[in-house]
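Enquirer: generate a structure from the sequence data that follows.
(2 chains)
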Amino acid sequence: MSETHAIVVEKVVPHSPDKVWRILTTSELIAKWLMPNDFVAAIGHRFTFRTRPMGDWDGVVQCEVLSCEPPRLLSYSWKGGAEANPAYGSRLDSVVTWTLTPVDGGTHLRMVHDGFVFPGNKIAFEMMGQGWGRIGDAITRMAADA
Amino acid sequence: MPHAAQLTSVMKTLADPTRRAVFERIAREGEVAATGLVKGSRVSQPAISQHLRALRDAGLVSERREGRHNYYRVAPDGLGPLVDWLTHYRAFWRERIASLEALLKETE
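Expert: Model prediction:
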C-alpha cells in the first residue's frame, strides 16, 4: 500500500474568474508566471513545460489537458523525470487542478498538485512525525494503492 | 545532485513490500533485535538480514550491537528526502502563484 499526497494552495484574488482564467490558459501569460510552454486550452492537448534540468531530470514536464471548463475548472497531468530517470524514485506522475469560484470582490483560486506517491503505509508515514511538522498543510489526503 | 539520489534510494528501498513490512514493524516496535524480527515472520533469516542491510544503507534504520545481538530502530531523519521532495514543490507553487498574482495586478 502506498499513499498519495497533494500540495494545495488557496488564494482569494481581487479579479474576476474570467481574468484569472485568461492568465491560467494563455500560453504567453503562463510563460510569465509559471514556465515556458506550448499550452492550448483543449482537452487532450499534449504540451510541455520547460525548466532547468535537475539531477537526472532533463527539466521537461510532460503534460496533457484533462479537463477544461472555462472559467471554473482546469486540470492537466504533470509528468517529470520519466525519460531521463526511469527509477522508481525521482519520477513524478501527477495531476495539477485549478478551480475558480467567484466570491465577493474576486475569485477564490484553488490549486491542487496531487500524486506524490510515498511508499509505505500509514505507520511508516506517521513516523515522519517531526518532519511533517515542517510541511504542515501539504498533506491533505490518503489514497489507496498506487 | 545528492538530494535526488537520496530520494531515489529511499523510495527504491521501500518499494519492496517485504522490506517495507520489516521497516514498519521496526517503526511499530521501537527497537527490535534481528532475531526477534525473524521469529514473528515467515521470511527467512538471511532474507531479513539482507533487508535490514538495505534499510541501513538507505539511512532508514540505525543499528546497535549489544552482546551477540544487533538491534534496529528507525533513523529519525531517514525519511527526510521524501519530506524535502514535497517541500520543494510546495515552495515552487507558492512562488509561482505569487508571480501569477503580480501579473494579475499588472494587467489591471
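Enquirer: may I have the helix or strand hosting residue B:48 as CSV, with CA atoms only?
Expert: Using DSSP states H and E, residue B:48 sits within helix B:45-57. Provided in CSV are the C-alpha atoms of helix B:45-57 (Å, rounded to 0.1, in the frame of the first residue of the first chain):
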residue,chain,number,x,y,z
GLN,B,45,16.8,-15.2,8.5
PRO,B,46,19.2,-14.5,5.6
ALA,B,47,16.4,-12.6,3.8
ILE,B,48,15.7,-10.5,6.9
SER,B,49,19.4,-9.7,7.2
GLN,B,50,19.5,-8.6,3.6
HIS,B,51,16.5,-6.3,4.1
LEU,B,52,18.0,-4.9,7.3
ARG,B,53,21.2,-4.1,5.4
ALA,B,54,19.3,-2.4,2.6
LEU,B,55,17.3,-0.3,5.1
ARG,B,56,20.5,0.6,7.0
ASP,B,57,22.3,1.6,3.8
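Enquirer: any buried residues in that helix, and which?
Expert: B:48, B:51, B:52, B:54, B:55, B:56 (16 or more other C-beta atoms under 10 Å in any protein chain shown). For the C-beta atoms, the positions are set from N, CA and C on the backbone; glycine is no exception.
Enquirer: please name every helix or strand in contact with the helix or strand hosting residue B:8.
Expert: Taking DSSP H and E as the criterion, residue B:8 maps to helix B:2-15. Here helix B:2-15 touches strand A:106-119, helix B:17-29, helix B:45-57, helix B:80-106, going by 3 or more C-beta pairs under 8 Å, 6 or more residues apart in numbering or on different chains; DSSP states H and E.
Enquirer: so is the third one next to chain A?
Expert: No: counting by C-beta under 8 Å from any C-beta of the partner chain, chain A is not contacted by helix B:45-57; separation bottoms out at 11.3 Å.
Enquirer: list the strands paired with the following helix or strand past that helix, with their directions.
Expert: Proceeding N to C from helix B:45-57, the next assigned helix or strand is strand B:61-66, under DSSP H and E. Partners of strand B:61-66 in the sheet, by DSSP bridges, are strand B:69-74 (antiparallel).
Enquirer: no further queries at this time; thank you.
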